[in-house]
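Chemist: quick one, structure for this:
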Amino acid sequence: MSTFQQITATLRADGVDLGFVDRLPGGVTALLDVPADEKLDAFDMGARFLFSARGKKTRDRIVAELVAGGFPETSARDEVDMLPYLLSRRYLETIVSNSAAMPGGMGLLDGQFVPVGGVGGIGVTVTGLPVGPVLIIGSGNAFVPAIAASVQALLCSCPVALRGSRLNQSILELVIDALRSGGGPTLATLLEHLHLFFVDHRDPAENAQLHELLRSGPFGAGVFWGGREMLDTLLPQFALNPRHPLPIPMEPLTGVAVITQRWLGRARHARDEAAHDLAEAMVTMGQQMCSSPTEGYFVGTGAEAAAFAHDLAGELGRSGEARRRRLTDAQAVLLDRVRERCEEEGATVLRPRNGDSAWTVVVSDGASIFEALPPSLRLPIHDRHAFLELVAMPTLDAVADRIAHLPAAPCHGAIKQVQTVLRLCHPTDAQRLVTLLRPRGGVYRVVPPDHVARRHPLEPLDGQHFVSLFTRQTVVL
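Modeler: Residues are numbered from 1 along each chain as shown. You can find the predicted model right below:
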């Protein structure tokens, strides 16, 4: 009995069916038999199905599942509406045509030999090979990233073992079943090589089997979403795999907003637009994405920062998403204590007139007010909902210092670094900020606020292009 057969037999005995593990290596050949152009057409048909009237039932069921899990309805619909975009031929073709990710574009996926130059009269060509089966450990707070990674792996002829989370397992099942039934025969064939499973790491027996799968599975790469505790547990097990698969950890990150007084003064309605855009970014997906702004920096005077904070508070007061979000009694009590202590330490605290917990804006001058609060009142970012501390800063250099040191800040200890800077400033200021951050660790993306939950097809995901990581280049001289 092979190692994989031993794994799957044990898992079946424990009530978890991972019989697909033995079939993963053979899936590479089957996927290579489908040209990349046909794969793009198949995914596009799936996108059109999800967007159609026939797909509305699936979309509504997914939204209902997300809302039941605690997400605001508007944000849930926004995430579901992203699916057809991420599956569309236009989106995926842009990804594989990006020379920064895939030299030679789609031809590399079909085994064509792409000239990349030559030195000393010797020409160099490269072709692409699938890295092999890919393990994906999905995120608990969003299902779209795992679907996007799985689709790109299949596009690169890599079979996928996708472990969902307790929160989104049923959603992933809904999406995959809908695409199998409504996306056409080619897509159904591709999805035969997307294997969805759930092993509960809280169950000792199932957790042990998950670790065995990491150590012995036939994987060429693994994508891991999760917090530090999860990554610190799973990645060492994956490192023991004798095939030395490529680990791709999607580490815990956060977002910040950068607003400049100069930007707000550029046009008559610029201040109102910026306040509206930032309020929308704060409530999208309950402020719990890696790109969600959990802190803001205003480059300008303290008086102007306070004025903008009042505009932001006005927008939050009109936000239906903020009003619909409700905290538990314990969270609401903690929030009230945090608000009171921030005021005692000299910060300006803006909240609804009735004092409820729908939203909060704290204005600090020069440094975060949370540096002065006791540990019990340092509100962690994962407990923040429509909550933003806006820190008035004198220069972009000061902002860069704050961003670089944010993982060591009292409320941000769970993150590795800043992923997203929401840009409410001139592009030249954004570029200067990135330049200032180069020797200090950098950030992954600087985007306008309407991209807090969106991904441009040309941008890497946390600094990496999945199609590049899922494709091994072979050189011929």
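Chemist: strands of the stretch 1-150 of the chain, residue ranges please.
Modeler: 114-119, 122-130, 134-137 (DSSP state E, counting those that start in this stretch).
Chemist: now do the strands in the stretch 251-400 of the chain.
Modeler: 253-260, 293-299, 348-350, 360-365, 387-393.
Chemist: could I get those strands in a markdown table, plus columns for mean pLDDT, distance to Ile176 and mean neighbour count?
Modeler: For glycine as for every other residue, the C-beta is placed from the backbone atoms N, C-alpha and C. Below are the strands of the stretch 251-400 of the chain laid out as a markdown table (pLDDT from 0 to 100; distance: least, C-beta to C-beta, whole Å; neighbours: other C-beta atoms under 10 Å):
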| stretch | mean pLDDT | distance to Ile176 | mean neighbour count |
| --- | --- | --- | --- |
| strand 253-260 | 97 | 27 | 25 |
| strand 293-299 | 97 | 32 | 26 |
| strand 348-350 | 97 | 44 | 19 |
| strand 360-365 | 96 | 39 | 24 |
| strand 387-393 | 97 | 35 | 25 |
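Chemist: which among these is found nearest to Pro457?
Modeler: strand 253-260 (20.1 Å; C-beta to C-beta).
Chemist: and the angle from that closest one to strand 293-299?
Modeler: Per axes from the mean of the first three to the mean of the last three C-alpha atoms, to 10 degrees, the angle that strand 253-260 makes with strand 293-299 is 20 degrees.
Chemist: other SSEs contacting strand 253-260?
Modeler: Contacts defined by 3 or more C-beta pairs under 8 Å, 6 or more residues apart in numbering; DSSP states H and E place strand 253-260 against helix 270-283, strand 293-299, helix 396-404, strand 417-424, helix 427-437.
Chemist: of the ones you listed, which is nearest Asp450?
Modeler: Using C-beta to C-beta, the helices and strands packed on strand 253-260 put helix 270-283 closest to Asp450, at 6.9 Å.
Chemist: tell me the mean pLDDT over the closest one?
Modeler: For helix 270-283, mean pLDDT is 95.
Chemist: distance check, Asn241 against Gly138.
Modeler: 20 Å (C-beta to C-beta, to the nearest Å).
Chemist: these two - which one has more neighbours?
Modeler: Gly138 (28 against 18; other C-beta atoms under 10 Å).
Chemist: give the burial count for the closest residue to the more buried one other than its chain neighbours, as a bare number.
Modeler: Closest residue to Gly138 apart from its sequence neighbours, by C-beta to C-beta, 6 or more residues apart in numbering: Ala146 at 3.6 Å. By the criterion of other C-beta under 10 Å, Ala146 has 26 neighbours.
Chemist: hmm, back to that, which one of the strands of the stretch 1-150 of the chain lies nearest to Met82?
Modeler: Among these, strand 134-137 comes nearest to Met82, with 17.8 Å by C-beta to C-beta.
Chemist: list the contacts of the closest one.
Modeler: Residues from elsewhere that reach strand 134-137 (C-beta atoms under 8 Å, 6 or more residues apart in numbering): 146, 149-150, 153, 158-163, 213-214, 217, 219-226, 230, 234, 238, 245, 470.
Chemist: out of those residues, which sit inside helices?
Modeler: Ala146, Ala149, Ser150, Ala153, Leu213, Leu214, Met230, Leu234, Phe238 (DSSP state H).
Chemist: quick one, what contacts the last one?
Modeler: Which is Phe238. Leu135, Leu214, Arg215, Phe219, Gly222, Phe224, Pro245, Pro247.
Chemist: of those residues, which pair is most distant in space?
Modeler: Across the contacts of Phe238 (C-beta to C-beta), the longest gap, 14.5 Å, separates Arg215 and Phe224.
Chemist: low-confidence ranges in the chain?
Modeler: 1-16 (pLDDT under 70).
Chemist: recalculate using a threshold of 80.
Modeler: Applying pLDDT under 80 to the chain flags residues 1-17, 69-72, 118-121, 140-141, 285, 324-327.
Chemist: okay, now the domains of it?
Modeler: With domains defined by automatic domain parsing, the chain comprises 3-251+462-476, 254-451.
Chemist: distance from the first one to the middle of the chain?
Modeler: Read it as domain 3-251+462-476. 14 Å (C-alpha atoms, centre = their mean, to the nearest Å).
Chemist: that'll do, ta.
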